[in-house]
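1. what follows is a protein structure lacking sequence information:
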């Protein structure tokens with residue numbers, strides 16, 4: 001299954017390092033790379049703070065989460081063929097001590113100290129001990145400021161950001 005999914009992963013993923021033994025990796029982005037600069041730009045726009053210092057951005061390379069996300073997208077298009085679906089980037093903040101649970105259980109609110117899972121187009125105030133997760137979400141309403149997914153396969157964690 002992993003090899004089939006590897007043909008659909010984003011171009012920026014380090015595929016040569018991935019195998020069945022490393023189905024989930026966190027790759028720290030270099031501050032000078034285009035990918036870091038693009039994510040930093042989007043985050044600064046979403047926080048309305050162009051001077052917000054980002055300490056670290058890590059790409060989350062999870063073959064299984066991405067595979068479920070891609071399959072879910074195909075299923076939604078099959079179930080509702082006259083509905084247009086979009087993949088959009090949204091944000092959610094969690095406490096740092098919940099990061100492992102968020103990655104292992106795809107932001108399951110019961111395991112991440114959250115009352116529900118709502119992804120925002122803006123970033124709420126970040127405090128010490130908070131981590132920002134950049135999420136790729138499937139939605140039929142791409143302009144919506146808030147997206148509450150109906151299924152945990154409707155999204156996957158794309159990046160982990162520390163301020």
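-> Arrived safely. Just so it is clear, the structure is predicted and the values come from calculations on it, not from any experiment.

2. after the top helix by length along the chain, next one along is what?
-> The single longest helix within the chain, with elements called by DSSP state H, is helix 63-79. Later in the chain than helix 63-79, the nearest helix or strand by DSSP states H and E is strand 86-95.

3. and that following strand with helix 63-79, angle?
-> Orientation check (axes from the mean of the first three to the mean of the last three Cα atoms, to 10 degrees): strand 86-95 against helix 63-79 gives 140 degrees.

4. which residues sit against strand 86-95?
-> Strand 86-95 has contacts (Cβ atoms under 8 Å, 6 or more residues apart in numbering) with 42-43, 46, 73, 102, 107, 112-114, 117-124, 126, 129-140, 142, 147, 155, 158. (C-beta placed from N, C-alpha, C; glycine too.)

5. also stretch 115-135?
-> Identification of contacts with stretch 115-135 by Cβ under 8 Å, 6+ apart yields 39, 42-43, 46-48, 52, 89-97, 99, 102, 107-109, 137, 144-149, 155-163.

6. stretch 28-39 too?
-> Against stretch 28-39 from outside (Cβ under 8 Å, 6+ apart): 12, 56-59, 134, 159, 161.

7. in ChimeraX, select just the buried ones from those.
-> Buried members of the contacts of stretch 28-39, defined by 16 or more other Cβ atoms under 10 Å, are picked up in ChimeraX with:
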select :57,58,59,134,159,161
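
8. out of the contacts of stretch 28-39, which sit inside strands?
-> Of these, the ones assigned to strands by DSSP state E are 56-59, 134, 159, 161.

9. among these, which two are most distant?
-> 56 and 134 (12.6 Å; Cβ to Cβ).

10. and for these two, which residues touch both?
-> Listed contacts common to residue 56 and residue 134 are residue 161; contacts here mean Cβ under 8 Å, 6+ apart.

11. where does the protein dip in pLDDT?
-> Applying pLDDT under 70 to the chain flags residues 1-11, 14-23.
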